[in-house]
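Visitor: can't give you the sequence, but here's the structure:
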């Protein structure tokens, strides 16, 4: 019969305690300061060896314990597995188990007892006490960044990079036409449309007006194509034909920012468009860890270098993209330094996206009070022109249309110059209001 | 409707029998060995369960061996998830090695969400069957064509998992095009639990132990409006508390869906078993109406285009 031990913890997640026994990696099913029970396959050959453990601790990562000599006290063999129990008479082993117990106790108690993010505050120093502080409205929220944005605008003007403006809402498209768009510089080019929401793309007439205006102002043009849903295909075909026709008449070319993998195959099948269009790998496809709470994440260095690369730093992926006619990558600032691949690149700032829904959470909240009751809206009533979702002020996070965006509050002239040296050859200002 | 098969999430190997007995036709699970945790932790995670303090992963090869024996006994296969949105270059051969190790134990099917990992496995002819995760964004025929162009006889794409927010029209188109390219292609749709508010493939924020998901932070609509009180039933005994597609099962089958997903990693095995049984019941009777009388109103497919 299996003995019982005081202070036994069972059901330990494998992420916080691993064991190695010779060449085997049995699971720890329970342990106390005096024993450990291991689970291994029924037909694994039990090694003549000591036990080595790796335990995870907040703020310290994995720490190794052992090797420990252990005394086999029981063994249970079933049809699939065998469970072996050892007694371990070693002070270091007991300390490891006690420390794990304390940590687990604090974790579970913290989760159960805490209100809001107090739990995160205890674990990581996340300032949960600031979570109750919300801006009054969007204007109030924006005003908190006005001096930073002014300063950033000055930095951009003093850099010699081509500066582009984003016309990512219908409102900004209209303002562009009437020359009332607020921007810190005169742009060399514009991005028309919205990577995150298909409903922000201008209709045919408005698009043609913007194309004409940009042409007159000698500004380069990038059309932003969002996700590709079947019901949007007709709309996008019209957009492409309109833009292509305009290019044919005017002798201009333009870029397309593609935000759906489907576009890569689409233009393989419609190569005729490539006489007038060049293709950019868009922001929705450029997956990267983006969260304004990253500074509080356990295990991260201040520079967050672990996030510096993503899959676009793999030359083999870049080859695949080149094979699909991609000639530029759209990157978003994100609060830490990104290692740029060898490719023409645009850096979007000062906002970066964290979450997007193809349905509309904002409209769902506004009309039903339930963000989960969202639907895909082929067309919409533009709740986003009057409403936003506010988040705790200290996060610099805002819910606009179907997405969440955060402000990168770390950008300086040095940042911009460093990125320029690393291959960024264009800046996109995504705060066109 | 019984030709539709149920695939359910499993947090650890001790749940296997519970989920099998509840009626799952197949299971899926994460495998994150210590070597990965030691090097990358949950900063660059191996799959979308980015936590250490929960039983949401299988963590040892010994457990995978045990699981294999269970599969041999019960004949209910398990697919392994390597479905992070992206991996860095140095991680690709590491994952390929894991797949080789698991293949040696008899595992063959993997859920993958990174096109670059698919490219890598395909170019290196790593023998495996790939289920394309919904997180990659295969909601149109063109993405399907692009992904299937990476499939070959050795590294074969065998299933398309539609993302939670994929509507019937997009599913129908993809099924039609997919079947024309590969008649054996399978299609999986979400049915129970975790109907996230944001599109998973576009979710770049943290999912870690020490902080809530970004989408779960408190927010306020500004300016405020007096919306009707949200309709919600918080009775935990009712299936589909965080997402339910029971009423859509008949439509999903008509569209050509072959598998229904019951999300389960991180939930108690008893809850997942209850949800499997609910799906099984609707598949058996063809009638979801008994579940409509007691419902959480967390529909996956209500009012979709």
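Guide: It's in. What you see is a predicted model, and the numbers here were worked out from it, not measured in a lab.
Visitor: without its sequence neighbours, what residue ends up closest to the residue in chain B that chain A sits nearest to?
Guide: Closest contact between chain B and chain A, by C-beta to the nearest C-beta, is at residue B:59 (2.4 Å). From N, CA and C alone the C-beta is placed, and that goes for glycine too. Counting by C-beta to C-beta, 6 or more residues apart in numbering or on different chains, residue A:14 is the residue found nearest to residue B:59 once chain neighbours are left out, at 2.4 Å.
Visitor: could you give the number of residues near residue 216?
Guide: Because you didn't say which chain, this covers chain A. Per other C-beta atoms under 10 Å in any protein chain shown, the neighbour tally for residue A:216 reads 8.
Visitor: chain B, not that one
Guide: By other C-beta under 10 Å, the residues close to residue B:216 number 10.
Visitor: just the one 3 residues further on next, same as before
Guide: Each residue near residue B:219 was counted by other C-beta under 10 Å, and the total is 20.
Visitor: now name the helix or strand holding the closest residue in space to it that isn't next to it in sequence.
Guide: With sequence-adjacent residues excluded and distances taken as C-beta to C-beta, 6+ apart, residue B:219 is closest to residue A:389, at 4.6 Å. Under the criterion of DSSP states H and E, residue A:389 resides in strand A:388-390.
Visitor: mind listing the strands the next helix or strand after that strand pairs with, and their directions?
Guide: Once the chain leaves strand A:388-390, the next helix or strand it forms, by DSSP H and E, is strand A:397-400. The strands beside strand A:397-400 in its sheet (DSSP bridges) come out as strand A:388-390 (antiparallel), strand A:403-407 (antiparallel).
Visitor: do stretch B:133-141 and chain A meet?
Guide: Yes - Stretch B:133-141 comes into contact with chain A (C-beta under 8 Å from any C-beta of the partner chain), by way of B:136, B:137, B:138, B:139, B:140, B:141.
Visitor: for that stretch, measure first residue to last.
Guide: Start-to-end span of stretch B:133-141 (C-alpha to C-alpha, to the nearest Å) is 15 Å.
Visitor: any idea of the mean pLDDT for it?
Guide: Stretch B:133-141 shows a mean pLDDT of 95.
Visitor: across the sheet, point out what pairs with residue B:27.
Guide: What pairs with residue B:27, by the bridge criterion (DSSP bridges), is residue B:8, residue B:78.
Visitor: ranges for the helices of the stretch 151-300 of chain A?
Guide: Using DSSP state H, counting those that start in this stretch, the helices of the stretch 151-300 of chain A run over A:170-177, A:204-216, A:233-250, A:261-269.
Visitor: quick check, distance from the shortest one to the centre of its chain.
Guide: Spelled out, it's helix A:170-177. Centre-to-centre, helix A:170-177 and its host chain are 28 Å apart (C-alpha atoms, centre = their mean, to the nearest Å).
Visitor: how close does the residue nearest to residue B:59 sit to residue B:259?
Guide: Distance of residue A:14 to residue B:259, computed by C-beta to C-beta, to the nearest Å: 28 Å.
Visitor: before we move on, the earlier item: list the residues that contact the residue nearest to residue B:219.
Guide: Applying C-beta atoms under 8 Å, 6 or more residues apart in numbering or on different chains, we find residue A:389 in contact with A:361, A:362, A:365, A:398, A:399, A:400, A:404, B:219, B:220, B:221, B:222.
Visitor: pLDDT at it, what is it?
Guide: 97.
Visitor: and if you look at the one 3 residues further on?
Guide: At residue A:392, the model reports a pLDDT of 97.
Visitor: so it touches residue B:218, yeah?
Guide: Yes - contact criterion C-beta atoms under 8 Å: residue A:392 and residue B:218 qualify, at 7.1 Å.
Visitor: just checking, residue A:276 touches residue A:253?
Guide: Yes - here residue A:276 reaches residue A:253: they are 5.3 Å apart, a contact under C-beta under 8 Å.
Visitor: returning to that earlier point: isn't the residue of chain B closest to chain A right up against residue A:15?
Guide: Yes - at 6.5 Å, residue B:59 counts as touching residue A:15 under the criterion of C-beta under 8 Å.
Visitor: which neighbours do those two share?
Guide: Common neighbours of residue B:59 and residue A:15, using C-beta under 8 Å, 6+ apart, are B:32, B:37.
Visitor: more neighbours: which of these two?
Guide: Using other C-beta under 10 Å, the more surrounded residue of residue B:59 and residue A:15 is residue B:59, with 27 against 23.
Visitor: tell me how far that one lies from residue B:67.
Guide: As judged by C-beta to C-beta, residue B:59 and residue B:67 stand 12 Å apart.
Visitor: and residue B:280, by the same measure?
Guide: Distance, residue B:280 to residue B:67, by C-beta to C-beta: 22 Å.
Visitor: who has more neighbours out of those two?
Guide: residue B:67 (26 against 19).
Visitor: secondary structure class for the more buried one?
Guide: Three-state assignment for residue B:67 (DSSP: H, G, I helix; E, B strand; the rest coil): helix.
Visitor: can you pull the poorly scored residue ranges out of the stretch 51-200 of chain B?
Guide: Within the stretch 51-200 of chain B, not a single segment meets pLDDT under 70.
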